[in-house]
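Chemist: Starting from these lines, generate the structure:
(2 chains)
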Amino acid sequence: MTTAMRRRAIVALAALFAVAAALFAFASSQSATPANGAGLKPAQSGSGENLTNGKKGGTLTVYDSEDFEHLDPGESYFALDYEIMYATQMPLFEYLPNNTTVAAPMLASGPAIVSNGGKTVTIHIKANVKFSPPVNRDVTSADVAYAIERGANPHVANPYFGPYFGDIVGASKATGGPIAGITTPNSTTIVFNLTQPTADLLIGALSLPISAPVPESYAAPLDAKSPTQYGTSSEVFTGPYMLESDATGKFLGLGYQPGKSATLVRNPNWNPSTDPAPAYLDRININIGGAAQVIGLQVLKGSDSVQNDTPTNANVQLAYTKYYKQLYAVPGAGDHYISLNNAKGPFANVNLRRAAYAVMNRAAMVKLAGGTIVGTVATHFITPGSAGYSQSGGAAGPNYPWNKYPDGNLAVAEKYMKAAGYPSGKYTGSAVIKVVSANNGNSPEQAAVVKDGLTELGFNVKLVLVDQSVLYAKYCGVPAAEVDACPSVGWIRDFADPETILYVPFWGPAITKTNNSNWGQVNDPQINAAMDKAALVVGASARAAAWAKIDVMLVQKAVAIPWIFDDQANIESANVRGINDLWDVGEWDYTYTSLTNP
Amino acid sequence: MTSFIVRRLLWGLLLLILVIAVTFLIFYLLPSVDPAVLRAGRNGSPKVIAEIRKDLGLNHSIVVQFFNYVKEIVLHGNFGYSYYYNDPVGGLIANRLPATLSLTVGAAFLWVVVGIPVGIVSAIKRRTVIDRVSMGTALVFVSAPVFWLGLIALYLFANDIGHFHVFPGSGSYVGLTVNPLKWFESLLLPWMVLSATSTAIYARLVRGSLLQVMGEDYIRTARAKGLPERTVVLKHGMRSAITPLVTVLGLDIASLLGGAILTEGVFDIPGIGRLNIDAIGHGDVTIVQGTVLVASIFIIIANIIVDIAYAFLDPRVRYE
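Modeler: Residues are numbered from 1 along each chain as shown, chains lettered A, B, ... in the order given. Here you go, the predicted model:
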């Protein structure tokens, strides 16, 4: 190469770098300076939202990176699905968007009537509630009975039928046909007979989509297919909106195109006098599948739109700094914790668990998740806003030494290492701690914090990063995989009863060989007995107190390490008056959301 | 030639069966979500999972499952059932194919009509400013990842989030049959982004190939005969120079028909690539199997077409 050629090559390379740097600088300028440091005020909360005085009309565009899982009220069990469910169906009870504790009668004409010492529940339903075309007839109590009975049909496989409806007489052996414990003495009355006095839990569960009526004559042929085609290709609706459908009720290809779009239009048979929801919007166009980085900007800079799923951290930070009024951080969106293997390995020892709890830098994990905008350091398992939260310690949590230091405290940890039989305060055993985490998002960094904490205590840690899709299916949800810790498992309550937060993940007999949700395999006789007893407690405040005690017990035994009480970030366009469902994870409620200039 | 084509088709068929077997084995043996667990959803009880497994035929041996899978594809064109979408995979792929086809064909057209002339001009004007600028620009585009380039293009030119409101932004795609004009407008930016890298590669490829060919004896002979330079370059030079491009072009188009994952993702185009990436995220293996199979079919067909085209383009190649 001659000197001239070299010079030209250098000039060309310099020009190339200059162009690349300019483009990079431009791209960088699109995201704002991170604003998630500790001490910053949290983004505005959705609590106190005004449900009335919205303007009628207009079309809302909803951007959604993720698709829906199920559009059948018998199958749906996912926050995004619920947005469609509660806009298109009328379950027996439903929480108003700004109420986190008491479900209001929706299809039910009044509160549930409990009798027989908490073993019988009677509910009357409203008249003049009609199914959408092509069924076009009034809803009866038999439609509610069928809706719940089909939950036991393997073709429907409702995921929460067992835990919440299993106490109905005959439910344990049900496979989709009539259940002896569900009777309909007349067309507006449904009666549930239970094997145990668990009426409170059942009534709570009747706010879930499964209690939305399903006409047997229409759905049974679809339910006969495996899996059911009801809610997959065709469905009828009772709420203010419906998926755009043809004359036969088929919505596939019209109101829903998998991975592409969903379209909600007004239900012509909806009667406003039967429903408190104002249903301001005329139409909701849901655009599925955009890149998260892009759709967040489309919402913030555009109009008439909201983002359905969680915005990227960069977009949350951008909203925080430049579009503050368009950002909500809704509290009570569940919690995340580090599961510890209570059954096998070093963490079967309670003092080693306490040591791990004490040393863990939970504040660092929260910062990695996005900082104070997306949550606060968790100190127990019942989430803020849920019954039992304040009784079990509120923000400070139960008063135990290992729970006092969000940044971790090595001295306290070493004290419990010594109590576990390690006089030096460091682990000297031969076990290798297997920590399994997802390999996407912030998970690897959060797992690294866990590894650092355990390493400080002398543990030899093997960190395994796997794809999110196999994290539970192959590792954290499979006891035989003998995972010692999963840094970021989490739980969201199903409804306003603390049992829905604690029971499945910590009740020993619920442990299964696969698809196990008791990730730490917590099977403590004292905890199990307390849960069995609390499950039968009648009355909301008594139940809150009973489950709060269990919450404290879980921290006392350090069965897992809670690290974040999640807030759900939501963003909307400037002309949207978005209403979040505070009782769930703060997802948009289309039946109350409106546009300021429709 | 006929026997050659028949031979190639038979090899293609054999290859396809091998691909089916390999993809089936890979997805069966690699750790993945149990489809029955996926279907049962969160909290699905072991009893329900077992019943679903039976319903879906997952309780059979791997051999029986493979046999059923192949039988369904061959006899009924059935690629299986998506556990996540509750929909036949074949229908989902057919639904997404037009978008991917639109994206690929337009981008390929663009990179051919831009890349080849740029390469020719660059070769003819070797070591001039034009050559430096075009090859320097090509280097930038070769180095730029499509995902990044797509985001930059949107931040600059999209009519919703861009600084200059020129092109429809992400999520604006409409089908050709729905509105041809909007279809065209919505794909302009994705075409440019998707073709940028390939345009650059093709320009460099043509330049290099043409420079080599232009030094050959028969080119000197053509010039000695007094043929105009235009004829020498385009008729004699390009005919040889373009041959290697045909191979690359066929395979490039076939690969993209299997899904331009990043471009479809950034521009929210509901094509096969996005279907595939969503399926990977959900652990929906039947869709991944189906899309891999479709991509393989395109590549096999493209290979056959390329082989045949070679015989026509290059008289030195003798297949019979």
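Chemist: So which residues on the stretch 401-550 of chain A come close to chain B?
Modeler: A:466, A:468-470, A:473-474, A:504, A:512-515, A:517 (Cβ under 8 Å from any Cβ of the partner chain). Using the backbone N, CA and C atoms, a C-beta is placed for each residue, glycine as well.
Chemist: Narrow those to those in helices?
Modeler: Among those, the members found in helices (DSSP state H) are A:468-470, A:504.
Chemist: min pLDDT across those residues, which one?
Modeler: In terms of pLDDT, the least confident member of those is A:S469, at 70.
Chemist: Neighbours of the residue lying closest to that one once chain neighbours are set aside, how many?
Modeler: Distance criterion Cβ to Cβ, 6 or more residues apart in numbering or on different chains; nearest residue to A:S469, sequence neighbours excluded, is B:G283 at 3.8 Å. Neighbour count of B:G283, defined by other Cβ atoms under 10 Å in any protein chain shown: 23.
Chemist: Taking the centroid of chain B, which residue is nearest it?
Modeler: Nearest to the geometric centre of chain B sits B:L256, at 1.1 Å (Cα atoms, centre = their mean).
Chemist: how about that residue, what does it touch?
Modeler: By Cβ atoms under 8 Å, 6 or more residues apart in numbering or on different chains, the residues touching B:L256 are B:100, B:103-104, B:107-108, B:194.
Chemist: To which secondary structure element is it assigned?
Modeler: helix B:243-257 (DSSP states H and E).
Chemist: what's in contact with the helix or strand just after that helix?
Modeler: Counting by DSSP H and E, the next helix or strand C-terminal to helix B:243-257 is helix B:261-266. The contact list for helix B:261-266 (Cβ under 8 Å, 6+ apart) reads A:291, A:294, B:99-100, B:103, B:145-147, B:150-151, B:154, B:170, B:190, B:193-194, B:269-274, B:276-277.
Chemist: Quick one, which of those residues are buried?
Modeler: The neighbour-count criterion (16 or more other Cβ atoms under 10 Å in any protein chain shown) marks A:291, A:294, B:99-100, B:103, B:146-147, B:150-151, B:154, B:170, B:190, B:193-194, B:269-274, B:276-277 among the contacts of helix B:261-266 as buried.
Chemist: gap between A:S488 and A:R362?
Modeler: 12 Å (Cβ to Cβ, to the nearest Å).
Chemist: nope, A:V461 is what I was after
Modeler: 17 Å.
Chemist: Hmm, A:S437 is touching A:L463, no?
Modeler: Yes - applying Cβ atoms under 8 Å, one finds A:S437 in contact with A:L463, separated by 7.0 Å.
Chemist: Common neighbours of the two, please.
Modeler: Joint contacts of A:S437 and A:L463 (Cβ under 8 Å, 6+ apart) are A:A447.
Chemist: Of the two, which one has the most company?
Modeler: More crowded of A:S437 and A:L463, by other Cβ under 10 Å: A:S437, with 28 against 17.
Chemist: where does that one fall, phi/psi-wise?
Modeler: Note on A:S437: backbone dihedrals following degrees, to the nearest 10 are phi -140, psi 160.
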